Each structure stands twice: as structure tokens, then as C-alpha cells.
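> just coords:
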């Protein structure tokens, strides 16, 4: 099978080389592509100087556009599965082979690396954990599915879901909304316990007042997704 790691990167010059080295060491049978989302730091220069496989976006598309670009790359290059992998060093590539095994053996369409099954490693801030529990409850209410870590950026999907996401993927803060979308299509989502690291360098895009915007925006997007599906039926 052809397996792809999609690494969306915006201003990750302090982390990107470690992320790639982690993949090469712990998941050597996975290919990778860095999607440089018009970074303003030296991320692109590092990709070029170190010969890293990358796609360079000439305008900033945001996390959703960068990830969708990665899925489109995967479809066009014949990959059978793809996994999102943050370029900030929080994800651990040691789990990638296990995620692939679970995806194939369980017949799942998506496997999410969850921090909150065994609750080990970096658990995020208290405010974010509250928000994650809120989205877990909302998803349970709307779909009946239990997803403990709906904001996890470490998600592996099969080619069917890759095709769906290559054609339609949320723009901003896409993780909860994109999970709801495939659950509403009857796709099977499985979670696997993982340990995540705290970001070493750089800042998260979600903080302060942006957190409130994030909660409202994603809630409305999820509700609109459900209304669209109900109207289609």
C-alpha cells in the first residue's frame, strides 16, 4: 500500500526538520508531503535546502486549504491512505504504523489519535479541554458517535475519505466539522490512544479571544453541515 503523511506547515521553521526526521525514523514506509502555507519565516527555505518533499502555496489558504491540498496530492499520486501530521512537533510518528494497522484491520474509514483515552502526555490547557469535551458532546448528540478527541489533528483516512476531503474540506478549524461530515455519511470512525508532546517552538493559532470565535464558528459549521444533509434527504 502507498501511505502518505500530510504535514500542513505555516511558520514551522523551528519544528519542521524534527517532524520529518521523526517520520523517517519511526514510519519509514510512509511517504510525506509538506504543504507550506505561504509561510513568512524560513520554512520554505529549509524545505528547499534539505531537499524535503513539499508543495508551496503562493497564498495563505489556512489549515483547511493546506490539508485539502495534501489530500488532493494524495489522490493524484495514487495513495491508498493518508494521515494528517502536525508540523509543530506535537505528534509522534511512532504511532503511524499502528494507526494504519487499525484502519485496515477494523474496516474503519478514519482513525483518530486521541489524547484522552488513556490521558497520558500533553493534555492541552484546561480551557481547551473544556472546549474539546463540548465538541465531543455535540458530536454525540448529532451523530450518536463517541469521539473523545474531535480536535485532534492526527487523523488517518482511507482513499474513499481522501477523495471526499480532496473535493470538499472545511476552511477554518476543520477537525470537528470534517469528522461530523463523514459520520453523517455513515463512515466508521475509530480512535486509538496516543501520547502527544507539547509544542516546542512557535505559537498556536487558537488563543485568547480567538478561542471564543473558534467555539462559535465550529458549532455553527457543524449545525449547518447537519442541516444540509437533512435538507438533501
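That came through fine. Just so it is clear, the structure is predicted and the values come from calculations on it, not from any experiment.
> and for residue 186, the neighbour number?
Other residues near residue 186 come to 7 when the count uses other CB atoms under 10 Å. From N, CA and C alone the C-beta is placed, and that goes for glycine too.
> SS state for it?
In three-state terms, and counting by DSSP: H, G, I helix; E, B strand; the rest coil, residue 186 is coil.
> per-residue confidence at it?
Per-residue pLDDT puts residue 186 at 95.
> ramachandran angles for it?
Main-chain torsions, residue 186, degrees, to the nearest 10: phi 90, psi 20.
> distance of the residue most central in space within the chain from residue 147?
The centre of the chain sits closest to residue 153, judged by CA atoms, centre = their mean, with a distance of 3.1 Å. As defined by CB to CB, to the nearest Å, residue 153 lies at a distance of 14 Å from residue 147.
> burial measure for the residue lying closest to residue 25 once chain neighbours are set aside, as a count.
Of all residues not flanking residue 25 in the chain, residue 93 sits nearest, at 7.1 Å (CB to CB, 6 or more residues apart in numbering). Residue 93 is surrounded by 22 other residues when neighbours are defined as other CB under 10 Å.
> ok, the one 5 residues further on next?
Using other CB under 10 Å, residue 98 has 16 other residues around it.
> helix or strand for the residue nearest to it when sequence neighbours are not counted, which one?
Counting by CB to CB, 6+ apart, residue 98 lies nearest to residue 192, which is 6.6 Å off, once chain neighbours are set aside. Assigned by DSSP states H and E, residue 192 belongs to strand 189-193.
> mean confidence for that strand?
In this model, strand 189-193 has a mean pLDDT of 96.
> also stretch 91-109?
Within the predicted structure, the mean pLDDT of stretch 91-109 is 97.
> buried stuff in it?
By neighbour count, and taking 16 or more other CB atoms under 10 Å as the criterion, the buried residues in stretch 91-109 are 91, 92, 93, 95, 96, 98, 99, 100, 102, 103, 108, 109.
> now do the end-to-end distance for it.
Using CA to CA, to the nearest Å, the end-to-end distance of stretch 91-109 comes to 20 Å.
> run through who's touching it.
Applying CB atoms under 8 Å, 6 or more residues apart in numbering, the contact partners of stretch 91-109 are 1, 3, 5, 19, 22-23, 25-27, 29-30, 81, 83, 85, 110-111, 113, 153-154, 156-158, 160-161, 182, 187-190, 192, 194-197.
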